[in-house]
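> next input, structure requested:
(one chain, ligands or ions: 1)
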Amino acid sequence: MGSNDGLNESQVIQESWNRCIAWGLEHNSRPSPALGQSLGERVDHGTLTNLIAAADAEVAPYYRNVLSSSRCLILLTDAQGTVVRRWGDDAMAGHHLKAWFQNGANWREQTCGTNAIGTAITTGFAVQVQRNDHFLKLHRQLIGSAAPIYDANNELMGVLSVFTDAYLPQAHTLGMVRLLSQSVENRLICKRFEHSHCLITLNTNADNFDSPWSGILVCDDRGTVIASNQRAGQLLGRNPLNHSLDSLMTTPGKRVLQHPERTPLTLITLNKVRLSARVTHPNAADHELSVGKSARQEPRPNSRESNLPVLELGDSAVRRCADQAAKVLRRKVPLIITGETGVGKEVLVKALHQSSERRNQPLVSVNCAAIPSELVESELFGYQQGAFTGARAQGSVGLIRKADKGILFLDEIGEMPMAAQSRLLRVLQEREVTPVGSTESLPVDILLVTATNRSLQSRIELGQFRSDLFYRINGLSVALPPLRERSDKQELIQHIYREHRDPEQPETLSAPVLSALINHPWPGNIRQLVNVISVAVAIADGEPIQLWHLPEDFLSQIDQAGSHPDPVSVAKQPGSNPSAHESPAISDGLSQTLKAYRQCMGNISRTARALSISRNTVYKRLRELGVR
Ligand SMILES: Nc1ncnc2c1ncn2[C@@H]1O[C@H](COP(=O)(O)OP(=O)(O)OP(=O)(O)O)[C@@H](O)[C@H]1O
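Numbering: from 1, shown residues only. Just a heads-up that it's a prediction; the model follows:
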């Protein structure tokens with residue numbers, strides 16, 4: 001992420017307005033959003049497709065888990081400010097602005113004045129533009145936050161932006177959009193280079209490599225950095241592109257490149273800063289292949305440390321699941337993992353693979369729900385050349401054969417179309433695959449793990465799942481418990497926080513924040529927890545996480561508390577005044593104070609002014625809430 005060259009927010013806006021005036025723009029003008037070319041007509045189609053896929057993988061789970069009940073819209077634009085993808089609902093924009101949120105609309109500062117997207121493109125760094133900061137009156141109902149996305153060579157690829165129509169705390173949306181764009185950058189770099197090059201992940205501690213704020217270096221065989229993310233430059237104190245590792249750190253580059261995968265390594269930069277590093281070699285990356293997973297959040301792309309102990313943080317049901325699953329897989333018995341969405345089914349499979357005898361063979365993960373039904377058979381079973389219109393000339397080996405000698409993980413198996421189910425049954429019975437359009441059968445040796453968050457029995461009753469396939473795949477069925485029922489919630493929350501925290505942040509969460517997280521109902525399970533924690537990490541920006549750093553939606557779920565504790569009891573520290581909990585009037589006051597405090601980003605004077613109460617009362621209420 002570019003730095004803002006030391007300008008404060010109002011200077012950034014002032015400079016943008018100066019540019020608009022110099023370009024001859026007028027406050028009252030009403031330009032059209034200049035709907036441009038569709039994606040299919042673009043010459044840079046390939047690069048854009050990768051950008052859109054990476055943004056989808058990072059943004060869609062955030063939108064679902066953190067923002068879906070907010071009135072907000074997320075836009076991805078290309079480097080020229082043209083909208084290429086959007087998530088959310090444009091109901092927040094008045095009818096007259098709808099066209100500005102369609103694919104093809106253009107937000108360049110030169111034609112539409114100061115706005116989050118256009119100004120982020122011109123300045124090269126993350127910006128927020130509040131209602132009246134917009135140069136054109138037309139846009140003054142909006143609040144936009146935007147962060148540029150850079151490619152591995154530090155070239156601007158696009159901009160991610162969040163638009164809201166409410167005065168949300170500035171730091172929330174800006175922090176979130178910075179986090180998302182950094183995650184998109186990292187995903188693009190890892191996807192592009194992980195199979196061909198050595199990746200070095202850097203951070204100040206060995207326990208937070210999975211944070212999106214880790215630095216990433218991509219090296220060639222000679223130890224020259226051929227690509228990096230923005231964060232690597234910040235950690236190393238200089239732009240590492242085209243420099244040899246030897247010229248960036250005192251540790252010999254050759255030693256770094258030969259370092260084994262799983263053991264963290266300490267590096268000293270030329271400025272004498274001590275960093276931790278993790279090396280990922282290209283061949284190891286080749287063993288994992290994920291298909292149809294693009295719209296879901298996966299573990300950070302370069303995380304390869306899954307093993308069973310990672311799952312065992314103290315819950316006996318999880319431990320039993322993991323133990324039994326590992327035992328039956330050793331005997332080649334097919335395994336079904338059940339559990340609500342986001343409970344960690346895929347994480348369990350990766351850990352089982354890593355701890356199995358097949359760890360050096362492929363793990364092929366397929367999300368059956370994410371492949372269009374007409375492509376499932378050809379994707380899974382492969383096809384012979386010319387098998388159907390649009391087939392690749394040389395044919396395709398198919399995912400089942402790619403998993404040969406390893407593990408095939410079929411996620412959301414209940415969504416598999418009936419025709420593919422019949423074909424899969426034959427593969428399991430005969431241990432042979434017959435590609436689409438071929439009569440030849442080819443032997444395969446796979447261990448099958450499936451997962452579902454629906455009842456396969458009820459699918460069978462509805463005639464949507466074959467019972468004979470069910471008995472074939474159901475050697476052992478293990479159920480991962482939902483997060484709300486886990487007895488190791490506290491350890492899991494601290495573990496995920498440690499994985500995602502900024503190096504400057506303390507190693508553990510404070511008691512009020514931990515308590516709020518423990519008491520949440522977590523309908524989205526661990527995936528939602530990961531999202532909430534990473535948003536809070538981004539918003540806190542290196543400071544210890546406070547309650548008001550937690551995402552707006554999360555806190556409003558606490559505010560609306562029905563069966564679960566209200567913000568007062570959630571945030572209350574041992575020894576705080578119990579009378580507040582007893583009186584609804586005082587409790588409302590506390591809740592309002594918490595809300596205002598959050599919106600004022602922890603500024604006591606502004607909170608006091610917003611509520612027309614004294615600073616002392618704010619302090620007193622926050623103490624009662626256990627916030628300060
Ligand atoms: N033990 C764990 N430690 C850290 N993170 C975890 C753990 N278990 C799950 N997660 C995180 O939670 C998220 C969801 O996990 P995962 O994709 O494995 O769930 P799932 O049950 O397969 O979801 P779905 O049903 O939607 O396919 C991921 O971001 C994953 O990294």
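> use CA for all of it now, contacts and neighbours both
Fine.
> where does the prediction get shaky in the stretch 501-628 of the chain?
The stretch 501-628 of the chain contains residues with pLDDT under 70 at 555-588, 625-628.
> one more time with 50
Low-confidence segments of the stretch 501-628 of the chain (pLDDT under 50): 559-586.
> next one: the stretch 251-400 of the chain
284-289, 291-306, 391.
> residue in the stretch 501-628 of the chain nearest to the ligand?
Across the stretch 501-628 of the chain, the shortest distance to the ligand (CA to the nearest ligand atom) belongs to Arg527, at 3.6 Å.
> any idea which element that residue lies in?
Element membership for Arg527 (DSSP states H and E) is helix 525-540.
> check Arg486 and give its pLDDT.
With respect to pLDDT, Arg486 scores 93.
> wait, is Ser477 part of a strand?
Yes - with DSSP: H, G, I helix; E, B strand; the rest coil as the criterion, Ser477 is part of a strand.
> quick check: buried residues in the longest helix along the chain?
Using DSSP state H, we find that the single longest helix of the chain is helix 170-193. Buried residues in helix 170-193, counted by 16 or more other CA atoms under 10 Å: 170-190, 193.
> now stretch 456-469
456, 464-466, 469.
> just curious, which of those residues is nearest to the ligand?
For those, the nearest to the ligand is Leu456 (14.0 Å; CA to the nearest ligand atom).
> run through the residues that contact that closest one.
414, 465, 470 (CA atoms under 8 Å, 6 or more residues apart in numbering).
> just give me the closest of those to Asn519.
Lowest distance from Asn519 to the contacts of Leu456 (CA to CA) belongs to Gly414, with 31.9 Å.
> neighbours of the closest one, how many?
Applying other CA atoms under 10 Å, we find 26 residues neighbouring Gly414.
> distance of it relative to the ligand?
As judged by CA to the nearest ligand atom, to the nearest Å, Gly414 and the ligand stand 12 Å apart.
> quick check: that residue is in a helix.
Yes - secondary structure assignment places Gly414 in a helix (three-state DSSP).
> the helix or strand that the longest helix of the chain is followed by vs helix 170-193, what angle?
Once helix 170-193 ends, the next helix or strand along the chain (criterion: DSSP H and E) is strand 198-203. Between the axes of strand 198-203 and helix 170-193, defined by axes from the mean of the first three to the mean of the last three CA atoms, to 10 degrees, the angle is 160 degrees.
> packing partners for strand 198-203?
strand 215-219, helix 230-236, strand 274-280 (3 or more CA pairs under 8 Å, 6 or more residues apart in numbering; DSSP states H and E).
> 7 Å - rerun?
With contacts taken as 3 or more CA pairs under 7 Å, 6 or more residues apart in numbering; DSSP states H and E, strand 198-203 sits against strand 215-219, strand 274-280.
> can you list the residues of the stretch 451-600 of the chain near the ligand?
Taking CA under 6 Å from any ligand atom as the contact definition, the stretch 451-600 of the chain meets the ligand at 453, 496, 526-527.
> and the two most separated of those residues?
Asn453 and Ile496 (22.7 Å).
> quick check, Thr263 in a strand?
No - read with three-state DSSP, Thr263 is coil and lies in no strand.
> ok, it - how many residues close by?
Neighbours of Thr263 under the rule other CA under 10 Å: 12.
> ok, Val449 next?
Residues near Val449, counting by other CA under 10 Å: 26.
> wait, a strand at it?
Yes - checked against three-state DSSP, Val449 lies within a strand.
> now pLDDT too, for the contacts of Leu456, in CSV please.
Output for the contacts of Leu456, formatted as CSV (pLDDT from 0 to 100):
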residue, pLDDT
Gly414, 93
Phe465, 94
Phe470, 94
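> quick check, nearest of the residues of the stretch 451-600 of the chain next to the ligand to Pro148?
Arg527 (25.2 Å).
> so which bits of stretch 261-279 are buried?
Across stretch 261-279, burial judged by 16+ other CA under 10 Å covers 261, 264-267, 269-270, 274-279.
> measure it end to end?
End-to-end distance of stretch 261-279 (CA to CA, to the nearest Å): 5 Å.
> stretch 126-146 now?
With CA to CA, one end of stretch 126-146 sits 6 Å from the other.
> any idea which helix or strand carries the residue located most distally from the centre of the chain?
Within the chain, the residue lying farthest from the chain centre (CA atoms, centre = their mean) is Thr439, at 42.7 Å. Here Thr439, judged by DSSP H and E, is contained in no helix and no strand.
> how much space between it and Gln384?
Distance from Thr439 to Gln384, by CA to CA: 9 Å.
> same thing with Arg85?
In this view, Arg85 and Gln384 are 35 Å apart by CA to CA.
> coming back round to it: over to the residue farthest from the centre of the chain: give its phi and psi.
The phi/psi pair for Thr439 (degrees, to the nearest 10) reads phi -110, psi -10.
> isn't the residue of the stretch 501-628 of the chain closest to the ligand right next to Lys345, touching?
No - assessed by CA atoms under 7 Å, Arg527 is found out of contact with Lys345, at 10.9 Å.
> now do the contacts for the residue of the stretch 501-628 of the chain closest to the ligand.
Residues in contact with Arg527 (CA atoms under 7 Å, 6 or more residues apart in numbering) are Gly342.
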